[in-house]
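Student: turn this into a model:
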Amino acid sequence: QVQLIESGGGLVQAGGSLRLSCTASGLTFTAYHMAWFRQAPGEDRSAVATISRSGEFTVYEDSMKGRFSISRDNAKNTVYLQMNSLKAEDTAVYYCAAGQWGTYPSQVPSTFAHWGQGTQVTVAS
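Tutor: Here you go, the predicted model:
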């Protein structure tokens, strides 16, 4: 049984930082691209950042470039999202996802087969 367990969400002031973690079990971690998505109330789920199986390639949504950083530790089956300079509009539920589609990581939710339960990030302005 595949499980993706996120942690690290919470309430932070605008301009602050948070680090999200997602630990995977029940799958061969190095066979999967990993990604972080987010979903705010009334909005569609959208990609935040994705990382390739080896960690060599990363892709960021434009508004996150320079503020967010995705990384992975294949020895720990864990992917991270470091979020700096947080803004009120970053408030959302953040989801970890694992997928095997393609040579390079996708930003399309349907290409990811496994999802975590989500962790709430709230940025107070």
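
Student: that's a strand at V121, yeah?
Tutor: Yes. Counting by DSSP: H, G, I helix; E, B strand; the rest coil, V121 is found in a strand.

Student: any idea how far the residue most central in space within the chain is from R19?
Tutor: Ranked by distance to the mean C-alpha position of the chain (C-alpha atoms, centre = their mean), the top residue is W36 at 1.9 Å. Shown here: W36 relative to R19, a distance of 12 Å by C-beta to C-beta, to the nearest Å. C-beta coordinates here come from the backbone N, C-alpha and C atoms, glycine included.

Student: which stretches of this structure form strands?
Tutor: Ranges of strands within the chain are 3-7, 10-13, 18-25, 33-39, 46-51, 58-60, 68-73, 78-83, 92-99, 114-115, 119-124, based on DSSP state E.

Student: shouldn't G99 be in contact with Y32?
Tutor: Yes. Counting by C-beta atoms under 8 Å, Y32 is a contact partner of G99 at 6.3 Å.

Student: common neighbours of those two, please.
Tutor: H114 (C-beta atoms under 8 Å, 6 or more residues apart in numbering).
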